[in-house]
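Colleague: Here is the input, now give the coordinates:
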Amino acid sequence: MKLGIDEYFKDKSCLVTGANSGIGYAISEALLEKGATVFMAGRNKESLKSAAKNLDAYAGQIRILLVDVTKQLEVAKAVQDTVTQQGRIDFLFNNAGIGGTMPTIAATLEHWRAIIDVNLWSVIYGIDAALPIMRRQGWGHIVNTASIAGLIPFPFQALYCATKYAVVGMSESMRYEFADEGIHFSVTCPSAVVSSIWKKPILGPTHEEIKAPEDAIPAEEAAQIILEGVADKKGIILVPEQPGGWLWHEYCNSSEAGEDFLQKMARNRRIEWSKIQKM
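Modeller: Okay, here's the model as predicted:
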C-alpha cells in the first residue's frame, strides 16, 4: 500500500548533508514538519547552530553533526552517530555540493579535485557508510542531489557535469540493483532554485556573487517537490519539472531546438568569459 507523503517520513530517522542553508535546510525543515528526526550535517559550526536556532520549534527532533563531507571518516561517523542515537537510519540525503562554471581549458587539476571531492566522493562516502546498515535493516532510502546538469551537458560546465552525471548514473543503477531488498534510491536534479550555490560559486571565473535566475523557485518549494518525489519512490526527480524537462526531452531526442539552445548558451558564455578576461 502506498503511503502518503506525511506518513512516509513521520517518525523516521533522517541524515541531511549541507543542511545549514538552501535546499538542504529546506529539506530539513520539511522533514521536521512531517514528524521526522533530522540530523543536520554541515562543516560550519556557527551556520549549523544558526540553522537549528531558526528551527527551534522542532528542537526535540533536531540533532547537529559537524561534518566535512570530503573526508570519508567524518561521513562514516555521521552515519554511525545517526544509527547510535536513533537505532537506525531510514533516509540519507546526500545533498552537499558546490557549483562550477568555467572554460574547460582554464580548469586546473586542483579545480577538478575540489569539485569531485565535494560533489561525487561525498556521495560515495555516504552510500558506502549507509547502504550496509540499510541492508541489515531491510529498508532504507538514499536520496542523492545531482542537477539538471547531470542530464544535460551544459557548455562551460564540464567539471560540474562530470560529477552530476556520475551521481545520476550510479543512483539509477543502484535503484534497480537494490530494489528487491527494500532499499530505494532517488536522485534530485534541481535547475533554477534559490540556494547558496549561486551566492558562493566555489569554482568559476570570479569569486563574486552570481544572481539566481529570475525564474528560480524558492528552496522551500523545491523541498516539497523533492519529498513528494521521494515518497512516490521516483528515480529521477526534476526540480522544478519545467523548463528543465523540456530541454532534457529535446536533448535526448537530438532535436534542432535543443541543439540550438545549447549552442547559443555556449556562444553567450564564451562572450561573457572574454569580457571577464579583458577586465
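
Colleague: so how far is Cys161 from the spatially most central residue of the chain?
Modeller: Central residue of the chain (Cα atoms, centre = their mean): Thr145, 2.3 Å from the mean position. Applying Cβ to Cβ, to the nearest Å, the value for Thr145 to Cys161 is 15 Å. C-betas here are computed from N, CA, C, even on glycine.

Colleague: One more: Asn54?
Modeller: Distance from Asn54 to Cys161, by Cβ to Cβ: 33 Å.

Colleague: Between those two, which is the more surrounded one?
Modeller: Cys161 (19 against 10; other Cβ atoms under 10 Å).

Colleague: Quick check: the gap between Glu7 and Lys34.
Modeller: Per Cβ to Cβ, Glu7 is found 8 Å from Lys34.

Colleague: nope, Lys264 is what I was after
Modeller: Counting by Cβ to Cβ, the gap between Lys264 and Lys34 amounts to 42 Å.

Colleague: ok, the two, which is more surrounded?
Modeller: Counted by other Cβ under 10 Å, Lys264 and Lys34 do not tie: Lys34 has more neighbours, with 20 against 11.

Colleague: doesn't Ile5 make contact with the more buried one?
Modeller: Yes: using Cβ atoms under 8 Å, Lys34 is in contact with Ile5, at 7.2 Å.

Colleague: What is the distance between the helix or strand harbouring Phe39 and the centre of its chain?
Modeller: Using DSSP states H and E, Phe39 falls within strand 37-42. Put simply, strand 37-42 sits 15 Å off its chain's centre (Cα atoms, centre = their mean, to the nearest Å).

Colleague: these two touch, right, Leu3 and Ala231?
Modeller: Yes: if you go by Cβ under 8 Å, Leu3 and Ala231 touch, sitting 6.8 Å apart.

Colleague: the more surrounded of those two?
Modeller: Of the pair Leu3 and Ala231, Ala231 is the one with more neighbours under other Cβ under 10 Å, namely 19 against 12.

Colleague: Quick check: that one touching Gly4?
Modeller: Yes: at 7.4 Å, Ala231 counts as touching Gly4 under the criterion of Cβ under 8 Å.

Colleague: Helices of this protein, start to end?
Modeller: 5-9, 22-33, 45-54, 72-86, 109-116, 122-137, 158-178, 196-199, 219-231, 244-252, 256-278 (DSSP state H).

Colleague: Could you say which of the ones you listed is packed most deeply?
Modeller: helix 22-33 (a mean of 24; mean count of other Cβ atoms under 10 Å).

Colleague: could you give the angle of that helix to helix 219-231?
Modeller: Interaxial angle, helix 22-33 versus helix 219-231 (axes from the mean of the first three to the mean of the last three Cα atoms, to 10 degrees): 60 degrees.

Colleague: Output helix 22-33 as CSV, nothing but the C-alphas.
Modeller: Taking C-alpha atoms only, helix 22-33 is exported to CSV below (Å, rounded to 0.1, in the frame of the first residue of the first chain):
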residue,chain,number,x,y,z
GLY,A,22,19.5,26.3,0.7
ILE,A,23,17.9,23.1,-0.4
GLY,A,24,19.4,21.1,2.5
TYR,A,25,17.9,23.5,5.1
ALA,A,26,14.5,23.5,3.3
ILE,A,27,14.5,19.7,3.2
SER,A,28,15.4,19.5,6.9
GLU,A,29,12.6,21.9,7.8
ALA,A,30,10.1,20.0,5.6
LEU,A,31,11.1,16.7,7.2
LEU,A,32,10.7,18.1,10.7
GLU,A,33,7.2,19.4,9.8
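
Colleague: ok, of the helices of the chain, where does mean pLDDT dip lowest?
Modeller: Ranked by mean pLDDT, the helices of the chain bottom out at helix 196-199, which scores a mean of 56.

Colleague: Who does Asn94 form a beta bridge with?
Modeller: Here Asn94 sits in beta bridges with Asn144, as judged by DSSP bridges.

Colleague: how close does it get to Cys161?
Modeller: 18 Å.

Colleague: measure Pro190 to Val69 for me?
Modeller: 18 Å.

Colleague: contacting residues for the closest residue in space to Ile27 that isn't next to it in sequence?
Modeller: Leaving aside its sequence neighbours, Ile27 sits nearest to Ala223 (Cβ to Cβ, 6 or more residues apart in numbering; 4.7 Å). With contact taken as Cβ atoms under 8 Å, 6 or more residues apart in numbering, Ala223 is in contact with Ile23, Ala26, Ile27, Glu29, Ala30.
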